[in-house]
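# got a sequence here, can you build the structure:
(2 chains)
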Amino acid sequence: MKTYDLVVIGGGSGGLSAAISAYDEGVKNILVLEKEAYLGGILLQCIHNGFGLHTFKEELTGPEYADRFVKELIEREIEYKVNTFVTEIKKNDEDFTVIYSNQEEGFVLINAKTIITATGCSERTRGEISMQGDRPSGVMTAGMAQKYLNLEGYLVGKNVFILGSGDIGLIMARRMVLEGANVLGVAELMPYSNGLNRNIVQCLEDFNIPLYLSHTVKRVIGKDRLESVIIQQVDENLNFIEGTEIIFNCDTLLLSVGLIPNNPLLTSLGVLMHPKTKGPLVDEYLMTNVKGIFACGNSLHVHDLVDFVTNEGAICGKSAAKYLKGNLNTNNIININNGKGISYVLPKTMYLNNDTTFKLNFRVNKPYKDVELIIKQNDKIIKKLKKAYLIPAEMESVIILKKDVTSLDDIIVEVIE
Amino acid sequence: MFDITIIGAGVVGSMIARTLSKYKLNILVLEKENDVGNGASSANSAIIHSGYDPEPGSLKARLNVRGNYLFDKVAEELDVEFMRIGSITLANNQEEVEILESLVERAALNGVCVKVLNHDELKTIEPSITDKVIKGLLAPTCGIINPFELVVAAMENAIDNGVKLHLCEEVTSIVKQESGFIVNTNKNSYETKYVINCAGVYSDKINEMVNKKSFTIKPRRGEYFVLDHFDNNYVRHVLFNVPSSKGKGVLVSPTTHYNYLVGPSSEYIDDKEDVSTDKETLDNVKQKAYSLVDNLRLDKQIRIFSGIRAVSDTGDFVIEEVIPYFINVAGIQSPGLASSPAIAEMVEEMIKGKELKEDYNPYRKPLPRLNKKTIEEKIALCKTNPLYGNIICRCEKISEGEIVDAIRRNCGATTVKGVKKRVRPGFGKCQGGFCEASVMKILARELGCDIKQIVYGKENAYILKEGTKGE
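A predicted model of the protein is given here:
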């Protein structure tokens, strides 16, 4: 059985970045396993531009952004396999056994001293949100329609309504129009959009596509293919308001109603999951409670920008390298919790050790204006930031100096209005 | 000239076709849909009921108990997933305890072994129950089955044994001849000696094409939640509410793949094909299910669906040779799935002048079932066919080899739903989000058609509207 120091599961932006950074930190015996036919992950179907503003100070398309990292990987001669699916990870005393399969080799067992999972996320479906009415074809997730359009070259429909104002929904609104479809509107359950502001402007407003805030699909109609949808306004408690129905005749309903980290391999290993993010609970090194298993990217928590995934992948690769060298000091553990106004904080724990900094990522639970963000231990404030606005759609990140953390008490992040 | 024409390829039509395929009979099955088992047979609780519940002396009672008994053999011969996990009917108050005790008498009359257990006894065998449960009726012979597989397997085996299946053919009229019948469809016309009417919700209409009205089918809809698989021990038995003055109640049950079903509702509707769902009804299902399990994991919900039962106004199954050579098999609502092998036996006895074939093979070629194999077996299987190494469905870990097999068999899949029903890609958490495009490509390749022609389920349920690259 072959043994690798590091097996990276997932060759998208998180996995690529993790493999490259681990290599640069001295780990040479790496294998990257990718399910699809090409490295790059979901970026390959994101052919719009706007990627890489933070990382490269350029506006790249998804495939261009991915290509930069694929080239880096290949330059370093890091081993990878495409069309390869990991079916199982087993924990041994000292290391892990990974079972993967592909058409060329069949099922193969390998040993891995450490594993980074970067398996992305999946879209919430109509079944998960209890969409009412009929179950015709033509109701699908926005990402699925994007795959059919951008990778396979097929338009899924000509008259389109979109539920949910997540970024993929917004991007697909514009994309479908550019390919000759009519996009009749976008309905968003909340009184605010869940997408990036620039996407609202560039994908909806520039194309005169109406956005119906505080609206949702009440009923789907169509026995075979979708024929129409009825949307209706909701009040602050998300209950339907009588008499506000609008009917749209359409052949397609795209759903952009949330992304959920995809971690089918981890639960059977005993990895604990975060109830809010649905990804694994990790420490500041992005290591799970199962020592040697690390996670990054959208399978850890859903990110707004690929640049953030790249950064997280780099932290993850570095951490795995440290772990392999036996330099990961996990003494003096401190819990990190979300306080008022915060929906989740990641990581779950940090360590008071010789490292100088650690990074906190978090999201607020609703939009805020002119507030203070406080990071504290008991009554001692570690960091205070003034924020003109905060919205759930945008993840906040703060670097904390460990010298400012003076006790082993829980760290709390909260919003003060 | 056919000896037998069976109208409808649901579980009943398919099981009858298979049973009769052991005789030297020229058998035709007509199905209006583009696949077998697309009606009630694919949208139900997937339960092989023990048979304690139907009215003693009814056809339902007799055929349910006999059908349940036959299922070990049927499942083994047809390679269909079937597990006798037992059911527990849970009583939460004194009224329900009294009803539970009356069910014991009923079970005895029906010849079904049951046992009343108290709370503590129940808690040891079924830790998921709520603290409110006072007593429960355990019926150990109750089983769960993969209903999609059952119908496909029965029809596949029937075709293996010479039965002809014509899909997308809707019967438009039936003309009685001096001997036999002419069955006209939207496409063809067939002469047949026997007509066996297994047309589900339309069986009253088919009957009335030849005979005078003797029963009416009232469509009754049941709506369900489907939970993802997350813990094989979450619920170990089929859990039922006691039918009481408050209504029939619902069930919480594992499926053969350790998904969990929560439902059904029970609503009479007018439209025979209205399988829509609605929030109020499902909320009501939810409320009832809270009385069954302590921790109803609706956070694991991946789908909602509804199915239509063909309920006869006679209150029982209608199985009769209503005029010579015209057999109605109608009103087969619950426990229809459980009764299906016994219904087939009963119809078999009605067919006169039949002669056994020498070469009848009751066994269906087993499915590859990669997930049930050891790693050594998987490695060996990939050497015989490398497509078993290419995993298409991430959630359910289904390989290209299994999908190709499901398409190439007799009664093979031709639609995305057809593949899903046979080998499960699209059944998982992502509901086909990741694998549907790959499944479509495999279907188009195997069927030799353009990918745009591949539909989700029904004939007009297209998925791709048009090409964008130079078309």
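# the one helix or strand B:Arg445 maps to packs against which elements?
Using DSSP states H and E, B:Arg445 maps to helix B:436-447. On a contact count with 3 or more C-beta pairs under 8 Å, 6 or more residues apart in numbering or on different chains; DSSP states H and E, helix B:436-447 meets strand B:391-393, helix B:400-408, helix B:416-423. In this view, the C-beta of every residue, glycine as well, is placed from N, C-alpha and C.
# so which of the ones you listed gets nearest A:Asp224?
helix B:416-423 (11.7 Å; C-beta to C-beta).
# elements contacting the closest one?
Looks like helix B:416-423 contacts helix B:147-160, helix B:400-408, helix B:436-447 (3+ C-beta pairs under 8 Å, 6+ apart).
# as PDB, could you dump the C-alpha coordinates of that helix?
Extracted in PDB, the C-alpha atoms of helix B:416-423 (Å, rounded to 0.1, in the frame of the first residue of the first chain):
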ATOM      1  CA  VAL B 416     -33.400  10.200 -15.300                       C
ATOM      2  CA  LYS B 417     -36.100   9.100 -12.900                       C
ATOM      3  CA  GLY B 418     -36.000   5.600 -14.300                       C
ATOM      4  CA  VAL B 419     -32.300   5.400 -13.400                       C
ATOM      5  CA  LYS B 420     -32.900   6.900 -10.000                       C
ATOM      6  CA  LYS B 421     -35.700   4.400  -9.200                       C
ATOM      7  CA  ARG B 422     -33.500   1.500 -10.200                       C
ATOM      8  CA  VAL B 423     -30.100   2.300  -8.800                       C
END
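# ok, residues contacting that helix?
B:34-35, B:37-38, B:42, B:148-149, B:152, B:367, B:398, B:402-403, B:405-407, B:412-413, B:425-427, B:432, B:436, B:439-440, B:442-443, B:454-457, B:463 (C-beta atoms under 8 Å, 6 or more residues apart in numbering or on different chains).
# closest point of the stretch 151-300 of chain B to chain A, which residue?
Using C-beta to the nearest C-beta, the single residue of the stretch 151-300 of chain B nearest to chain A is B:Ser276, 4.8 Å away.
# what's residue 67 sitting at in phi/psi?
I'll assume chain A. When read as degrees, to the nearest 10, the backbone of A:Asp67 gives phi -60, psi -40.
# and what of the one 5 residues further on?
When quoted as degrees, to the nearest 10, the phi and psi of A:Glu72 stand at phi -60, psi -40.
# residue 243: neighbouring residues, count only.
I'll assume chain A. Burial of A:Gly243 is recorded as 7 neighbouring residues (other C-beta atoms under 10 Å in any protein chain shown).
# should've been chain B
B:Pro243 - counted by other C-beta under 10 Å - has 14 other residues nearby.
# any idea how far A:Thr125 is from the residue nearest to it when sequence neighbours are not counted?
Spatial nearest neighbour of B:Pro243, excluding adjacent residues (C-beta to C-beta, 6 or more residues apart in numbering or on different chains): B:Gly249 at 6.0 Å. Distance of B:Gly249 to A:Thr125, given as C-beta to C-beta, to the nearest Å: 28 Å.
# who has more neighbours out of those two?
Applying other C-beta under 10 Å to B:Gly249 and A:Thr125 shows that A:Thr125 carries more neighbours, namely 24 against 20.
# and the pLDDT at that one?
According to the prediction, A:Thr125 has pLDDT 96.
# in the helix or strand bottoming out on mean pLDDT in chain A, which residues are buried?
Every helix and strand of chain A was ranked by mean pLDDT, DSSP states H and E. The lowest is helix A:197-199, at a mean of 89. Under the neighbour-count criterion of 16 or more other C-beta atoms under 10 Å in any protein chain shown, helix A:197-199 has A:Asn199 buried.
# quick one: it to chain centroid distance?
On the basis of C-alpha atoms, centre = their mean, to the nearest Å, helix A:197-199 is displaced by 18 Å from the centre of the chain it belongs to.
# and it, what does it pack onto?
Identification of packing neighbours for helix A:197-199 by 3+ C-beta pairs under 8 Å, 6+ apart yields helix A:167-178.
# what does the helix it packs on contact?
Counting by C-beta under 8 Å, 6+ apart, A:46, A:48, A:123, A:141-143, A:145-146, A:149-150, A:155, A:160, A:162-163, A:183, A:186, A:193-196, A:199-200, A:202-204, A:206-207, A:209, A:254-256, A:304 sit against helix A:167-178.
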